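Peer 1: take a look and give me a structure for this.
(2 chains)
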Amino acid sequence: MSELTLLLIRLAFLAVLWFFVIAAVGVIRTDLFGSRTAPAGGRKSAKPAKPVVKPKSKKGEPRQLIVTGGPLQGTTINLTETPITIGRANDATLVVTDDYASSRHARLFPQDGQWIVEDLGSTNGTYLDRSKVTRPTPVPLGVPIRVGKTVIELRK
Amino acid sequence: MSEAAVDPVPMPAKRRGAQLFMLALAVVIVMGAYANVGLAMDGQIPAGMLTYGLGLGGLMLAAYLVLAKFAPWADPLILPLVTVINGLGLVMIYRLEAGGMPLASATNQIMWTAVGVVMFTVTLIVLRDHRALQRLTYTAGAVGMVLLALPAVLPGSISEVQGAKIWIRFGDFASIQPGEFAKLLLVVFFAGYLVAKRDVLALAGRRLLFIDLPRARDLGPVLVTWGLSLLVLVFEKDLGTSLLLFGTFIAMLYIATQRTSWVLIGVLLFVGGAYMAGLVFDHVGARFDAWLDPANPIHYGNADICQQDPPGDPMCSKSYQIMQGLFGFGAGGILGTGLAQGHPDEIPLSFSDFIFAATGEELGLTGLMALLMIYALLVERGLRTGLAARDPFSKLLAGGLSFILAWQVFIIVGGVTNLIPLTGLVTPFMSQGGSALLANWILIALLVRMSDAARRPPPQAIQNEGLTQVFQR
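Peer 2: Purely as a prediction, here's the structure:
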């Protein structure tokens, strides 16, 4: 085997080794920036848009959700038409890092001008004021909702 | 599994195609290296090429199929990256054995690789939910410490090989290094323990200058681990494992509490302990001498005794091995001498502790950098798994396992390149040695299991209307 052939083989081997590294980085890149992530848009548009008949905001209707206790204290979320999920899961609206909260702990959604709190089968329960939420319950203004160590309130 | 089950939040896809492609490329690289060795040594492709190629390919295909069935959402890169490293290690050992290196045995290593892959699949199949390990926190801790301490307690005839008391030998042919498995168990223990105790360790304490000092009574676990690692150092003469364990504990403590003071305390304790050990124990002191001034004739010394065949007294020269390794790196240069065209057989133990020097000589800086990149990517995937994991135990376990891999590579590569004092540790997946290979394949199976759990899309909420705004602090 001539020197030259061996030199070429050596260089080719190193090149292929680096190609492997670069290909691996390429896989990570597409993973991060998602050229093949789920076609979220397509799925959403397939659903018929719900006709939302919502009167203009009346007086006494909550506009803000405020975290009054727990590690996220001080966080506010403006209330819109969309429901709010609370939990440890990364895609929850309010992501709480709290050992006492479940990943999908509770949900708040508007209905007929009222906000309803619903427990999503959490381990430690959701409390409205002092009582445990067992079924979807309307939330009055300024009444604390307790999820693990986090306390939230609806405000105007 | 339909794509429609995926959340609007960008979720990783399974990337089966990418994984298969990378795996095939990995096998091709290993076979290319094998052919290269044959071409350079005898001028022809080695005879067993097809068998080995099909064997390795089949083994990895089986591992892939098990992974696709039992951990479908797992990270697509972990398996291919490990395949390349393990395969290149095999080729180097084959090359050293063919080059007449005593004790190097490619057949043994191939067998252990196969056993390792089988353990990988068994772990994936048996362990469906890694959080089951959290229930075994203290069991894992106790078993880990027993395994770690066992060689120290056993008589030297059973446990001592070349000055290090880290073995358990069964007869003349079989021996295991229980410390390799103890590492895994202790990481599980650290993760479970820190999940339970991290609030106390993170929050209590006073602030002094810029550092949050922990309370004196919370120093307990750090001091216990420190003591344990010193005992390993003293009774088993195993500087590497000692550094590995203590470093991993400190890193996991840092991951759990985010307090720099722990790292500071850990570093101070270890430096103090190592310095004292260096003064008191000859074998540790010799390592320091060799590190600080390897080329000094006082330490390099009677190199000709070391060159005898069979090798003479292991204490013939403190720095002979390091210097031979450094000469190897130098001979390799940027592009290397080419596989099977250098003289890595000049380096003592170049099939195990010094395999990185052997690889450096033949693949050069270019090849070493690629290899280190592959290790780095593997560790990155592990840490990424930790970031994506949804519960604190998984986060700590994934972080700890990735760190122990990275730390191990750093300690041995740093030692071989004379960046830090040389400590005998295996280069993960490359060095010859069944226990380490087996333990590391199990480690990889745990990472794969966790990355599957972390990347699996969460179950859908009961009603999911439209996008929600994500709020996080």
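
Peer 1: give me the most central residue, chain A.
Peer 2: A:Asp91 (1.8 Å; CA atoms, centre = their mean).

Peer 1: in which helix or strand does A:Ala15 reside?
Peer 2: helix A:3-33 (DSSP states H and E).

Peer 1: show me what that helix is packed against.
Peer 2: helix B:16-42, helix B:78-98, helix B:355-388 (3 or more CB pairs under 8 Å, 6 or more residues apart in numbering or on different chains; DSSP states H and E). (C-beta placed from N, C-alpha, C; glycine too.)

Peer 1: identify the bridge partners of B:Ser175.
Peer 2: B:Arg169 (DSSP bridges).

Peer 1: what's the burial count for it?
Peer 2: For B:Ser175, the tally of surrounding residues (other CB atoms under 10 Å in any protein chain shown) stands at 17.

Peer 1: how close does it get to B:Arg169?
Peer 2: Going from B:Ser175 to B:Arg169 by CB to CB, to the nearest Å gives 4 Å.

Peer 1: and if you look at A:Glu118?
Peer 2: 63 Å.

Peer 1: what about those two, which has more around it?
Peer 2: A:Glu118 (19 against 16).

Peer 1: surely that one meets A:Ala106?
Peer 2: Yes: under the criterion of CB atoms under 8 Å, A:Glu118 makes contact with A:Ala106 at 6.6 Å.

Peer 1: who touches both of these two?
Peer 2: In terms of CB atoms under 8 Å, 6 or more residues apart in numbering or on different chains, A:Glu118 and A:Ala106 are both contacted by the residues A:Val133.

Peer 1: strands of chain B, start to end?
Peer 2: B:168-170, B:174-176, B:206-208, B:211-213 (DSSP state E).

Peer 1: what are the ranges of the strands in chain A?
Peer 2: Under DSSP E, chain A gives strands at A:64-69, A:76-78, A:84-87, A:94-95, A:106-111, A:114-119, A:126-128, A:131-132, A:137-138, A:145-147, A:150-155.

Peer 1: winner for burial among the ones you listed?
Peer 2: Comparing the strands of chain A by mean neighbour count (mean count of other CB atoms under 10 Å in any protein chain shown), strand A:84-87 ranks first with a mean of 25.

Peer 1: are it and chain B in contact anywhere?
Peer 2: Yes: judged by CB under 8 Å from any CB of the partner chain, strand A:84-87 and chain B are in contact via A:Ile84, A:Thr85.

Peer 1: which strands or helices does that strand pack on?
Peer 2: strand A:94-95, strand A:106-111.

Peer 1: chain B is nearest to which of those strands?
Peer 2: strand A:94-95 (4.4 Å; CB to the nearest CB).

Peer 1: by contact count, what packs against the closest one?
Peer 2: strand A:84-87.

Peer 1: how much space separates the closest residue to A:Ala106 other than its chain neighbours from A:Thr134?
Peer 2: Leaving aside its sequence neighbours, A:Ala106 sits nearest to A:Thr126 (CB to CB, 6 or more residues apart in numbering or on different chains; 4.3 Å). Distance, A:Thr126 to A:Thr134, by CB to CB: 9 Å.

Peer 1: what residues are shared contacts of these two?
Peer 2: A:Asp119.

Peer 1: ok, B:His130 - contacts?
Peer 2: With CB under 8 Å, 6+ apart, B:His130 has these contacts: B:Ser394, B:Leu397, B:Leu446, B:Arg449, B:Met450, B:Ala453.

Peer 1: which of these fall within helices?
Peer 2: Filtering the contacts of B:His130 for membership in helices, criterion DSSP state H, returns B:Ser394, B:Leu397, B:Leu446, B:Arg449, B:Met450, B:Ala453.

Peer 1: any idea how many residues pack against the closest residue to the second one other than its chain neighbours?
Peer 2: Ranked by CB to CB, 6+ apart and with sequence neighbours excluded, the top spatial neighbour of B:Leu397 is B:Ala191, at 4.2 Å. Neighbour count for B:Ala191, taken as other CB under 10 Å: 27.

Peer 1: next up, the contacts around B:Ala191.
Peer 2: So B:Ala191 contacts B:Gln134, B:Thr137, B:Met252, B:Phe393, B:Leu396, B:Leu397, B:Gly400 (CB under 8 Å, 6+ apart).

Peer 1: check B:Pro80 too.
Peer 2: With CB under 8 Å, 6+ apart, B:Pro80 has these contacts: A:Ala24, B:Gln19, B:Met22, B:Leu23, B:Leu25, B:Ala26.

Peer 1: what's the neighbour count on the closest residue to the last one other than its chain neighbours?
Peer 2: Using CB to CB, 6+ apart and skipping residues adjacent in sequence, the residue nearest B:Ala26 is B:Thr83, 4.0 Å away. When neighbours are counted by other CB under 10 Å, B:Thr83 registers 27.

Peer 1: likewise for B:Asp75?
Peer 2: 28.

Peer 1: for it, which residues are in contact?
Peer 2: B:Arg381, B:Arg384, B:Thr385, B:Leu447, B:Val448, B:Ser451, B:Arg455.

Peer 1: pretty sure the last one sits against B:Pro72.
Peer 2: What that stands for is B:Arg455. No: taking contacts as CB under 8 Å, B:Arg455 lies outside contact range of B:Pro72: 9.5 Å.

Peer 1: so where's the chain uncertain?
Peer 2: Because you didn't say which chain, this covers chain A. Within chain A, the stretches with pLDDT under 70 are A:1, A:33-60.

Peer 1: wrong one, I was asking about chain B
Peer 2: B:1-13, B:161-164, B:171-174, B:205-213, B:216, B:301-316, B:458-473.

Peer 1: what about the nearest residue to B:Tyr193 once chain neighbours are set aside, how many neighbours?
Peer 2: Leaving aside its chain neighbours, B:Tyr193 sits nearest to B:Thr137 (6.1 Å; criterion: CB to CB, 6+ apart). The tally of other residues near B:Thr137 (other CB under 10 Å) stands at 19.

Peer 1: likewise the one 3 residues further on?
Peer 2: Residues lying near B:Ala140 (other CB under 10 Å) number 23.

Peer 1: please tell me how far it sits from A:Phe19.
Peer 2: 40 Å.

Peer 1: before we move on, what about B:Ala376?
Peer 2: 17 Å.

Peer 1: for chain A, give me its nearest residue in the stretch 201-350 of chain B.
Peer 2: Closest point on the stretch 201-350 of chain B to chain A, by CB to the nearest CB, is B:Gly338, at 4.1 Å.

Peer 1: what's around that residue, how many residues?
Peer 2: Neighbours of B:Gly338 (other CB under 10 Å): 24.

Peer 1: contacting residues around it?
Peer 2: Neighbours of B:Gly338 in contact, by CB under 8 Å, 6+ apart: A:Leu6, A:Leu7, A:Ile9, A:Arg10, B:Asn36, B:Ala40, B:Glu362.

Peer 1: ok, so of these, who is nearest B:Leu326?
Peer 2: B:Glu362 (15.2 Å; CB to CB).

Peer 1: burial of the closest one, as a residue count?
Peer 2: 28.

Peer 1: quick one, what contacts the closest residue to A:Gly142 other than its chain neighbours?
Peer 2: Nearest residue to A:Gly142, sequence neighbours excluded (CB to CB, 6+ apart): A:Glu153, at 5.7 Å. Residues in contact with A:Glu153 (CB under 8 Å, 6+ apart) are A:Leu65, A:Ile66, A:Thr68, A:Gly142, A:Val143, A:Pro144, A:Ile145.

Peer 1: A:Glu153 and A:Pro110, how far apart?
Peer 2: 16 Å.

Peer 1: then B:Ile176?
Peer 2: Distance from B:Ile176 to A:Pro110, by CB to CB: 64 Å.

Peer 1: which residues are in contact with the closest residue to B:Leu419 other than its chain neighbours?
Peer 2: Once flanking residues are discounted, B:Leu419 sits nearest to B:Val413: 7.9 Å by CB to CB, 6+ apart. By CB under 8 Å, 6+ apart, the residues touching B:Val413 are B:Phe356, B:Leu372, B:Leu419, B:Thr427.
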